[in-house]
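S.K.: Quick one, fold the following:
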Amino acid sequence: MLTKKVAVVHEWLVTFAGSESVVEQILALYPQSDLFTLVDFLPESQRPLIQHKTVTTSFIQKLPWAKKKYRSYLPFMPLAIEQFDLSAYDVVLSSSHAVAKGVLTGPNQLHICYCHSPMRYAWDLYHQYLNESGLKTGLSGAIAKLILHYIRLWDYQSAQRVDYFVANSRYIARRIRKVYGREADVIYPPVDTAHFALGQHKEAYYLTASRMVPYKKINLIVEAFSTMPDKRLVVVGDGPDYEKIKRLATPNIELVGYQSDDALASYMQKAKAFIFAAEEDFGITPVEAQACGTPVLAYGKGGVLESVVDQKTGLFFDRQTVASLKECVQRFDQTADRFDPAVIHQHAQRFSRENFRQEFDRYVNQKMADWF
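M.R.: So this is what the prediction gives:
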């Protein structure tokens, strides 16, 4: 338990996803800490996850359409995050995937940033972002490029204010080194492995679960299984691409839409294997599937290389193509009996919430001992 006064800083509280689960566990570790975010529109039903804390928000909270269009205020976010007065705190813990790490701290304050990723649309996904947003040319494009240039300069400069970086994977640690020129220690994010319990008895279907947005590559998975009519695929999730993906589905593919955590766990426990085709910074769902004792067939790039053990808890495919995924599924079919659900389940426990809390608390206390 920290004896110092602690501030926890996060970008925004709108929905509860992977980065928010990190905030949840940090608040559980340090319940006396104060919480700061640019905007807070978290539903009342999810407020227990942040211990019903009164959240300090920025001026963006009161801007027009902030609840739905908060991301559109990106040009104002560096200014907004710097307006938080944290001078009363000894320790600042930021949970950052965009600007949270940019808070201003003094020489006697310790700032540890848990970095989910450097700001991807300003760096490695810059050109993809401009293309997908239709901002490659014209006046709007010129303005967007100018804004992102400014954001990039601020992002690099503000990263130098952080005393210690913690990355959610070695993959992200490499990106932090590349983009910010800073070293980062690795503490894997918390996964609710207790909720996703071991399922020993598998049924004859493959499973994928994700929000249906382009980079998740659910369309690729559906296309691959549409060419394998003898193999059943269940798809959990919804999102902007749902109707497009539904049109690709053949009779052996079942889209079941959004499911509760309990229902998702049930699907995962019974699935023959879980399919994951995205390149993610870490990837929570593959760990949840492994906690259920279910092997993962994953695209072999990104953080999943650190959570899945090839030939032991899953298999990798080399390219995000139908042919590569099909080859992986066929390879798995020939070796499925070699995968032990109990071994897979045990492997997933290294990513549990309890492990995260122990490692993060140990890390913070170690850095405090060095700092103060």
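S.K.: Now name the helix or strand holding residue 23.
M.R.: helix 18-29 (DSSP states H and E).
S.K.: Oops, could you answer that again for residue 113 instead?
M.R.: Assigned by DSSP H and E, residue 113 falls in strand 110-115.
S.K.: List the strands paired with that strand, with their directions.
M.R.: Strand 110-115 has the following sheet partners, assigned by DSSP bridges: strand 91-96 (parallel), strand 164-167 (parallel).
S.K.: For the helix or strand following the shortest one, give the mean pLDDT please.
M.R.: Read it as strand 164-167. Next in sequence after strand 164-167, counting helices and strands by DSSP H and E, comes helix 170-180. Regarding helix 170-180, the rounded mean pLDDT is 95.
S.K.: between helix 170-180 and strand 110-115, what angle do the directions make?
M.R.: Going by axes from the mean of the first three to the mean of the last three CA atoms, to 10 degrees, helix 170-180 is angled at 120 degrees with respect to strand 110-115.
S.K.: which helices and strands sit right next to helix 170-180?
M.R.: helix 138-159, strand 164-167, strand 184-186, helix 304-307 (3 or more CB pairs under 8 Å, 6 or more residues apart in numbering; DSSP states H and E). C-beta here means a position set from N, CA and C on the backbone, and glycine is covered the same way.
S.K.: to the chain's geometric centre, what's the distance from the second one?
M.R.: Read that as strand 164-167. 16 Å (CA atoms, centre = their mean, to the nearest Å).
S.K.: Could you check how far stretch 311-331 is from the centre of its chain?
M.R.: Chain-centre distance of stretch 311-331: 23 Å, with CA atoms, centre = their mean.
S.K.: Do me a favour and get the end-to-end distance for it?
M.R.: 11 Å (CA to CA, to the nearest Å).
S.K.: And residue 34, its phi and psi?
M.R.: Torsion angles at residue 34 (phi, psi; degrees, to the nearest 10) stand at phi -100, psi 150.
S.K.: Would you agree residue 345 is in contact with residue 288?
M.R.: No - look at residue 345 against residue 288 with CB atoms under 8 Å: they stay out of range, at 11.1 Å.
S.K.: With neighbour numbers in mind, choose between those two.
M.R.: Set residue 345 next to residue 288 and count neighbours by other CB atoms under 10 Å: residue 288 wins out with 24 against 21.
S.K.: Using the three-state scheme, assign that one.
M.R.: Secondary structure, DSSP: H, G, I helix; E, B strand; the rest coil: residue 288 is helix.
S.K.: my guess is it contacts residue 268, does it?
M.R.: Yes - using CB under 8 Å, residue 288 makes contact with residue 268 at a distance of 6.3 Å.
S.K.: Overlap in contacts, these two.
M.R.: residue 196 (CB atoms under 8 Å, 6 or more residues apart in numbering).
S.K.: Tell me where the model's unsure across this protein.
M.R.: 1-2, 121-123, 125-127, 129-130, 132-135 (pLDDT under 70).
S.K.: before we move on, back to that, the helix holding residue 23 - contacts with which helices or strands?
M.R.: Using 3+ CB pairs under 8 Å, 6+ apart, helix 18-29 sits against strand 6-13, strand 91-96, helix 353-371.
S.K.: one more time with 10 Å
M.R.: Judged by 3 or more CB pairs under 10 Å, 6 or more residues apart in numbering; DSSP states H and E, helix 18-29 is in contact with strand 6-13, strand 34-40, strand 91-96, strand 110-115, helix 284-291, helix 353-371.
S.K.: Looking at those, spot the one closest to residue 254.
M.R.: helix 284-291 (17.4 Å; CB to CB).
S.K.: Who are the packing partners of whatever helix or strand comes next after the closest one?
M.R.: Per DSSP H and E, the first helix or strand lying C-terminal to helix 284-291 is strand 296-299. When contacts are defined as 3+ CB pairs under 10 Å, 6+ apart, strand 296-299 sits against strand 273-276, helix 284-291, helix 304-307, strand 314-317, helix 322-335.
S.K.: quick one on the thing from earlier: out of the helices and strands packed on helix 170-180, which gets nearest to residue 220?
M.R.: For residue 220, the closest of those is helix 304-307, at 15.1 Å, according to CB to CB.
S.K.: Pull the residues that contact the closest one.
M.R.: Helix 304-307 has contacts (CB atoms under 10 Å, 6 or more residues apart in numbering) with 168-171, 186, 188, 191, 276, 278-287, 290, 296, 298-299, 313-314, 316, 347-348, 350-351.
S.K.: how about the CA coordinates for that helix, as CSV?
M.R.: Extracted in CSV, the C-alpha atoms of helix 304-307 (Å, rounded to 0.1, in the frame of the first residue of the first chain):
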residue,chain,number,x,y,z
VAL,A,304,-0.1,-12.4,-29.4
LEU,A,305,3.4,-13.9,-30.0
GLU,A,306,4.0,-13.3,-26.2
SER,A,307,0.7,-14.8,-25.0
